[in-house]
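S.K.: Sequence and computational prediction follow.
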Amino acid sequence: MGGSIGIDLGGTNIAVGLVSDACDIVSRKDVKTMAPRSARSITKTIVSLIRSLLNENKLTSKDLSSIGIGLPGIVDTKSGELLFATNLKLSHVNFPELFHEYFPNLNVYVGNDADCAVLGEYLAGEAKNYASALLLTLGTGVGGGLVVDGKIFRGGDGLGIEPGHIVVETDRAVKCACGQWSCLETYASIQGLIRLTEEVLASEGDSVFLQSPYPLNAIRIFEAVRAKDPIAEKIHARYIGYLAAGIKTLVALYRPHIILLGGGLSNASDLLIEPLEKAVRRDIFSGDILPVPSIRVASLRNDAGIIGAAKLYRESSL
Ligand SMILES: [Zn+2]
């Protein structure tokens, strides 16, 4: 068998997988990124992981169709250059050139990590049988990507969509890391949920479930919602409201067939999917005439980025 290598290069972990033509991860290796360190040093680590994957599967680099790398930052997919990655503290790195020093005969493709994740879900996960899919990741930040008819939507400048930076509040309530005010990320990320909670607690008084001395975190907040704590329910309603506003904007713009939620907060799917579908369906544009996209939790989790990266080569032939 052949297959291709998919690499999910994150700020904390590096995952490298040998992916079959049928999109199965045949075997994988995971190591800590140990950032910050040089791109050359990271490449060396990944190359040794690829070599041990090949050895274990009795393959050589000649058996591979390509290498694909998902990167946590802004990627110029035409030149192959990673322009900037905050978590890795790297800028202007051309990983394909670095990899060619070790594998001169292999094509090396790069993509944004969220774009790779949505491509993985589209090809092998929850969005497998849909013509288009939009992924929204709810984690430290809010990210995502869009695949339409098998192709990652990259827009005019090649950078794809940034669903976390849709403005969902008209007042200049919270400054976003991107420089804008009141982006979806400032409400729907983990930090956004905690900030919303602090805001509601300050105006509504304390809650038995959310009171100090413990620091707030998403698990405690969601547990309080499940326990039907009235203040937690208010926080939950506001959270769903902002997320639904963002989703409605995305649906009005792209009309994807399915919307997937990923990232750490999507673990609380019992508190997200049903109220979100209800809120989105209630007053969405043409909701009474056209089908409304279903909202589901992404199913491949950490595998999605590896599979998507391994399949970036498809883009060149679409
Ligand atoms: Zn923003």
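M.R.: Good, I have the coordinates.
S.K.: is it true that residue 314 touches residue 152?
M.R.: No: using CB atoms under 8 Å, residue 314 makes no contact with residue 152, being 9.6 Å away. C-beta here means a position set from N, CA and C on the backbone, and glycine is covered the same way.
S.K.: So these two - more neighbours on which side?
M.R.: Shown here are residue 314 and residue 152; by other CB atoms under 10 Å, residue 152 has more neighbours (25 against 18).
S.K.: gap between residue 206 and the ion?
M.R.: For residue 206, the distance to the ion (CB to the ion, to the nearest Å) stands at 31 Å.
S.K.: So for that residue, what's the pLDDT?
M.R.: pLDDT recorded at residue 206 is 75.
S.K.: For the stretch 101-250 of the chain, which residues are neighbours of the ion?
M.R.: For the stretch 101-250 of the chain, the contact set with the ion under CB under 5 Å from the ion comprises 165, 176, 178, 180, 183.
S.K.: Could you identify which of these has the most neighbours?
M.R.: residue 183 (27 neighbours).
S.K.: Skipping adjacent residues, who's closest to it in space?
M.R.: Leaving aside its sequence neighbours, residue 183 sits nearest to residue 176 (CB to CB, 6 or more residues apart in numbering; 4.0 Å).
S.K.: List the contacts of the residue nearest the centre of the chain.
M.R.: Nearest residue to the geometric centre of the chain (CA atoms, centre = their mean): residue 114, 3.8 Å. Residue 114 makes contact with 135, 137, 143-145, 160 under the criterion CB atoms under 8 Å, 6 or more residues apart in numbering.
S.K.: Check which helices and strands the lengthiest helix in the chain sits against.
M.R.: Longest helix in the chain by number of residues (criterion: DSSP state H): helix 230-254. Applying 3 or more CB pairs under 8 Å, 6 or more residues apart in numbering; DSSP states H and E, one finds that helix 230-254 contacts strand 132-138, strand 142-148, helix 185-188, helix 190-204, helix 218-226, strand 258-262, helix 269-283.
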